[in-house]
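Asker: the following comprises the amino acid sequence and a computationally predicted model.
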Amino acid sequence: MAIMNGDARNRTAAPEFTLEGFPAVQHLGKVLFSVHLLMYLASVTGNTLIITITWADHHLQTPMYFFLSSFSFLECCFTTTVIPKLLAIFLLGRQKISFAACITQASVFLFLGATVFFLMAVLSLDRYMAICKPLYYPTIMNPRVCSLLVSACLVLGFSLMVVPVTKLSQLSFCGSRVIPHFFCDLGPLINLSCSDIRSIEMLAFGLALFILSTSFIITIISYSNIVVTILHLPSAKERQKAFSTCSSHFIVLSLMYGSCVFIYMKPKGTNQLDSNKGAALVNTVVTPLLNPVIYTLRNKQVHQALRNALTRVRLQK
């Protein structure tokens with residue numbers, strides 16, 4: 001009986017996990033720490049700059065830049081959910097993470113990830129309205145509607161996170177506590193459980209399918225209409241300008257959808273967790289770093305806003 005009670009306590013007690021990280025290159029910890037720290041700081045600085053410039057310059061207070069600033073804020077939060085712990089692993093070898101911290105990280109990661117994808121779909125709808133329905137655009141995409149759309153993305157992302165995370169927190173972990181990843185993601189945690197995981201596996205797959213397919217379908221329909229409209233523009237200069245605006249979105253979409261489909265939508269038999277780490281790094285480090293450059297820092301309006309801000313700072317001195 002004592003053995004059974006001990007086993008029960010082992011199954012139900014909140015476990016402590018070990019994040020495997022990148023053991024093959026752990027001897028390069030300090031170098032990798034420096035590289036990822038610079039990338040993290042550049043990402044946060046770039047996205048914060050976008051938010052600041054957008055809210056400081058009245059020329060950028062349009063629906064598109066409102067969505068982009070919201071997107072930048074979510075990207076800052078998204079990368080901050082994962083990278084600080086990865087930096088601690090590289091520099092200090094601190095691979096241990098408590099059950100509560102692991103569940104919290106998985107919850108926030110899922111919530112922000114889902115919200116970002118829905119916001120990408122909203123961005124595509126905004127471009128569709130601006131290019132295909134320019135006469136109705138100012139009336140339909142007013143500040144109230146823009147705020148409601150961003151709020152809807154947040155609410156939907158949170159709603160989709162609650163059920164799988166609740167089920168995850170109720171699983172038993174009685175075997176290996178080593179997570180073959182550099183952060184607490186839903187899939188690796190589920191695979192460590194000694195409970196019956198069939199229902200939560202199906203739920204996680206269905207959730208990923210719904211998030212990716214819904215945002216992807218909205219985006220494809222929007223951009224299909226945009227391409228048709230652009231091709232009918234009379235001026236070559238207008239067509240070039242319209243395509244230039246949309247090309248940024250396509251680049252970010254390719255990175256995000258490509259990495260997430262690779263991680264979450266592969267058949268179970270081919271879903272090797274080790275192979276997902278590189279794709280996860282693209283999603284959590286590279287994409288947030290490239291977003292400010294791809295989306296706005298190469299934009300002439302943003303360049304002018306930055307020049308205006310620097311001029312005001314010099315005048316104040």
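Answerer: Yes, it's here. Numbers count the residues shown, from 1 in each chain.
Asker: quick one: low-confidence parts of the stretch 151-300 of the chain?
Answerer: Counting by pLDDT under 70, the stretch 151-300 of the chain has low-confidence residues at 238, 241-249, 259, 262-276, 295-299.
Asker: Asn284 and Glu75 touch, don't they?
Answerer: I think there's a mix-up here, since residue 284 is Thr and not Asn. No. Under the criterion of C-beta atoms under 8 Å, Thr284 is not in contact with Glu75, lying 9.8 Å apart. Heads up, the C-betas are built off the backbone N, CA and C, glycines and all.
Asker: which is the next helix or strand following the strand or helix carrying Cys102?
Answerer: Using DSSP states H and E, Cys102 sits within helix 99-132. Sequence order places helix 137-140 as the next helix or strand after helix 99-132, per DSSP H and E.
Asker: counting by contacts, list what that next one packs against.
Answerer: With contacts taken as 3 or more C-beta pairs under 8 Å, 6 or more residues apart in numbering; DSSP states H and E, helix 137-140 sits against helix 99-132.
Asker: report the buried residues of the helix it packs on.
Answerer: For helix 99-132, the neighbour count (16 or more other C-beta atoms under 10 Å) marks 99, 102-103, 105-131 as buried.
Asker: next one: stretch 179-191
Answerer: Ile179, Pro180, His181, Phe182, Phe183, Cys184, Asp185, Leu186, Gly187, Pro188, Leu189, Ile190.
Asker: name the surrounding residues that touch stretch 200-211.
Answerer: Residues from elsewhere that reach stretch 200-211 (C-beta atoms under 8 Å, 6 or more residues apart in numbering): 113-114, 117-118, 160, 163-164, 167-168, 171, 186-187, 190, 260, 264-265, 268.
Asker: mean confidence for the helix holding Cys102?
Answerer: Averaging pLDDT along helix 99-132 gives 91.
Asker: same check, this time on stretch 302-317
Answerer: 68.
Asker: give me phi/psi at Asp57?
Answerer: With angles defined as degrees, to the nearest 10, Asp57 sits at phi -100, psi 120.
Asker: in contact with Leu255, which residues?
Answerer: Val282, Asn283, Val286, Thr287, Leu290.
Asker: now do Val178
Answerer: Phe17, Thr18, Glu20, Leu192.
Asker: who wins on neighbours among the residues you listed?
Answerer: Of all the contacts of Val178, the highest neighbour tally under other C-beta atoms under 10 Å goes to Phe17, namely 21 neighbours.
Asker: can you give me the helices in the stretch 1-150 of the chain?
Answerer: 2-12, 29-56, 63-92, 99-132, 137-140, 143-169 (DSSP state H, counting those that start in this stretch).
Asker: need those helices in TSV with distance to His232, can you?
Answerer: Output for the helices of the stretch 1-150 of the chain, formatted as TSV (distance: least, C-beta to C-beta, whole Å):
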stretch	distance to His232
helix 2-12	64
helix 29-56	31
helix 63-92	22
helix 99-132	10
helix 137-140	17
helix 143-169	27
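Asker: for Leu253, find the nearest of those helices.
Answerer: Taking C-beta to C-beta, helix 99-132 is the member of the helices of the stretch 1-150 of the chain nearest to Leu253, at 6.5 Å.
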